[in-house]
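In: next one to model:
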Amino acid sequence: MKINKVLNMKYIFIYLFLILIAVFTKEYYKSGKKPELGYSIVFLLMGLSIAAFYIVKDMIYNPSRMNYRNIIMEKALFNHRGNILKEVDSVPLHKDFIALYLGRNSEDPYGATVSSLQAVRYKGTRMVDSLFVPIESRDPLYEKYSLSIGEAFAKFIKFADTMPVVTYNQPFMHTYINIKLDKDIQLTYLDAMKMSKDIYNMYNEPIKKLTKHLRLINLEKDRLAGAKTVGAIYLDYMYTLTVFKAKEKKRLQKLMKEKSGGGVKLFQIPAKSKKSIQESKEQIAETEHVSGN
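Out: Numbers count the residues shown, from 1 in each chain. Have a look, this model is predicted:
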């Protein structure tokens, strides 16, 4: 096994450069240190450095050495595009939450192929850490550390702990997990798909369409793109609902003020009536004075 690793084809350029450097070095000293041979050795050393760089890069970013969970500490993606289109049933609003998404090619839980589990932890307006698990992947980059949906979900449960979870298409999540695990697991997750219907009038759409609608850029090659979009939908929902409630409160306060002001005016005595009453009092007083005399 160790011999196979040493004789791996990816090291072929390293071996070639080392052989050429050895040959040119020998000739260099044999020929009395000719300058042209010296320059050749320098160029060969440069080639060896470039080949070594790619080997080291592959070793650093080798999936077998990567963690499923990573610290990201990024500012949360947010772009306000929501609008309350009709009366909605408000969902719980949480400042800290987990955005969860199963990377898939369809919204049909019976026919979809799920390729990854993506999760991002939000603390206020920051994304602090993430979980990415390839699921039964055949991609050479992820094949070495891909897991089954059961193993991936177990990692997610540990990652999420007791924090509230927001996902996209909760019925899909519930059905798919129960089918794959052959268990009846009750998932009480908040549904970003329902939120997108309430504030964007978009329902049962692929997550990429929501990413485009929210104008979230540079997510094409981001392996957490789905989870970050789910988080952005929830943040926009919270903002939209908070602004809507503030406007409604202000409108009701204004309406109550107007009604209250109108009520006072109803019980006020008109100026003309006041004058008539005063004249009547004066006439009565004058009559009483005359009668007294």
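
In: check which helix or strand the residue most central in space within the chain maps to.
Out: Centroid-nearest residue in the chain: residue 228, 2.1 Å away (criterion: Cα atoms, centre = their mean). Assessed by DSSP states H and E, residue 228 sits inside helix 225-266.

In: and for residue 84?
Out: Here residue 84 is assigned to no helix or strand, by DSSP H and E.

In: please verify my assumption that it contacts residue 197.
Out: No: counting by Cβ atoms under 8 Å, residue 84 stays clear of residue 197, with 11.8 Å between them. Using the backbone N, CA and C atoms, a C-beta is placed for each residue, glycine as well.

In: which phi and psi does residue 119 have?
Out: Note on residue 119: backbone dihedrals following degrees, to the nearest 10 are phi -150, psi 140.

In: how far out from the middle of the chain is the helix holding residue 228?
Out: 24 Å (Cα atoms, centre = their mean, to the nearest Å).

In: and if you look at stretch 35-44?
Out: The answer for stretch 35-44 is 53 Å, by Cα atoms, centre = their mean.

In: and that stretch, which residues are buried?
Out: 37, 40, 41, 44 (16 or more other Cβ atoms under 10 Å).

In: so who does residue 237 touch?
Out: 82, 91, 192, 195, 198, 199 (Cβ atoms under 8 Å, 6 or more residues apart in numbering).

In: so which of these comes closest to residue 155?
Out: residue 192 (21.3 Å; Cβ to Cβ).

In: doesn't residue 235 make contact with the closest one?
Out: No: assessed by Cβ under 8 Å, residue 192 is found out of contact with residue 235, at 10.2 Å.

In: of the two, who's got more company?
Out: residue 192 (27 against 22; other Cβ atoms under 10 Å).

In: pLDDT at the more buried one, what is it?
Out: pLDDT recorded at residue 192 is 95.

In: how about it, what does it touch?
Out: 99, 166, 167, 168, 230, 233, 234, 237.

In: okay, it and residue 174: tell me how far apart.
Out: From residue 192 across to residue 174, the span is 14 Å (Cβ to Cβ, to the nearest Å).

In: residue 253 now?
Out: 41 Å.

In: more neighbours: which of those two?
Out: For residue 253 versus residue 174, the count of surrounding residues by other Cβ under 10 Å is larger for residue 174: 18 against 10.

In: just the strands from the protein, written as ranges.
Out: 69-75, 96-104, 114-123, 126-134, 165-167, 190-191 (DSSP state E).

In: and residue 123, how far from residue 76?
Out: 9 Å.

In: when these two are compared, which one has more neighbours?
Out: Applying other Cβ under 10 Å to residue 123 and residue 76 shows that residue 76 carries more neighbours, namely 18 against 14.

In: so who does the more buried one touch?
Out: 122, 124, 125, 126, 127, 231, 232, 235.

In: quick check, nearest of those residues to residue 150?
Out: residue 231 (24.9 Å).

In: what's the burial count for the closest one?
Out: Quick note: residue 231 (other Cβ under 10 Å) scores 26 neighbours.

In: can you list the buried residues in stretch 249-260?
Out: Result for stretch 249-260 [16+ other Cβ under 10 Å]: no buried residues.

In: state the mean pLDDT of that stretch.
Out: pLDDT averaged over stretch 249-260 gives 84.

In: for the stretch 51-200 of the chain, give me the ranges with low pLDDT.
Out: The stretch 51-200 of the chain contains residues with pLDDT under 70 at 57-66.

In: let's see it at 50
Out: Within the stretch 51-200 of the chain, the stretches with pLDDT under 50 are 63-64.

In: dump the residue contacts of residue 123.
Out: Residue 123 neighbours (Cβ under 8 Å, 6+ apart): 95, 96.

In: identify the bridge partners of it.
Out: residue 96, residue 126 (DSSP bridges).

In: what's the separation between it and residue 75?
Out: When residue 123 is compared with residue 75 (using Cβ to Cβ), they lie 11 Å apart.

In: and residue 137, by the same measure?
Out: 29 Å.

In: and if you look at residue 244?
Out: The value you get for residue 244 to residue 75, if Cβ to Cβ is used, is 25 Å.

In: more neighbours: which of the two?
Out: residue 244 (16 against 8).

In: and the pLDDT for that one?
Out: For residue 244, the model assigns a pLDDT of 83.

In: once you drop chain neighbours, what's closest to it?
Out: Counting by Cβ to Cβ, 6 or more residues apart in numbering, residue 244 lies nearest to residue 84, which is 4.5 Å off, once chain neighbours are set aside.
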